[in-house]
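A.B. asks: Can you look at this prediction? I've put the sequence above it.
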Amino acid sequence: MSDPILLEPGDQAPDFTLHDADGKPVTLSALLASTGKRVVLYFYPAAMTPGCTTQACDFRDNLREFDAAGFTVLGVSPDTTDKLARFRDKEGLTFTLLGDPEKETLRAYGAFGEKKNYGRTVQGVIRSTVIVGADGKVEKAFYNVKATGHVDRIKRELSL
């Protein structure tokens, strides 16, 4: 097993096309071009698990502040679009959830690789958040974050 390649501020954010909870394709470069907004791209292990639900609900509850500051929030997990739709509907999530079952985008962003899980080394999703500027460059990258309190940390880092 190898360590993931971590993105740094100034790196070009890898472009991707992933499907949302309704099965519609979302391409990062097209989103940036059409909205002119910066993107909070957060990666989480699995929809409908306790930590991931806490984190998603924190983003939901703070979405107005992100939107007012010119950010689009996108959540990415290896889940299927059907599971994402159930998660969105159950929790009343009002931002876009994207599925990456092949884990290509997760790997490209350094959000999949070796991690510790209950003392064992395993391959899996590394809870991470990458802030992508309107120019497509990485502004900030946070790896191995905790679900609880992470949204508040991002808000502090972005002066929201």
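C.D. replies: Cool, got the structure. Not measured: the values here are computed from a predicted model.
A.B. asks: Sketch out the low-pLDDT regions of the chain for me.
C.D. replies: 1-4, 117 (pLDDT under 70).
A.B. asks: quick one, strands of the chain?
C.D. replies: Per DSSP state E, the chain carries strands over the ranges 17-20, 25-27, 38-43, 71-77, 96-99, 112-117, 120-125, 128-132, 138-143.
A.B. asks: okay, these in TSV with distance to N62 next?
C.D. replies: For the C-beta atoms, the positions are set from N, CA and C on the backbone; glycine is no exception. Shown next, in TSV, are these (distance: least, C-beta to C-beta, whole Å):
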stretch	distance to N62
strand 17-20	20
strand 25-27	21
strand 38-43	10
strand 71-77	9
strand 96-99	15
strand 112-117	26
strand 120-125	22
strand 128-132	13
strand 138-143	16
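A.B. asks: looking at the ones you listed, which is closest to C52?
C.D. replies: Of all those, the one in closest proximity to C52, counting by C-beta to C-beta, is strand 71-77 (7.2 Å).
A.B. asks: ok, L160 - how many residues close by?
C.D. replies: The tally of other residues near L160 (other C-beta atoms under 10 Å) stands at 14.
A.B. asks: likewise K83?
C.D. replies: Around K83 there are 18 residues (other C-beta under 10 Å).
A.B. asks: Which residue, neighbours along the chain excluded, lies closest to it?
C.D. replies: A47 (5.2 Å; C-beta to C-beta, 6 or more residues apart in numbering).
A.B. asks: need the contact list for the one you found.
C.D. replies: A47 is in contact with 56, 77, 79, 83-84, 86-87, 97, counting by C-beta atoms under 8 Å, 6 or more residues apart in numbering.
A.B. asks: Pick the one among those closest to T105.
C.D. replies: Nearest to T105 among those, with distances taken as C-beta to C-beta, is S77, at 10.4 Å.
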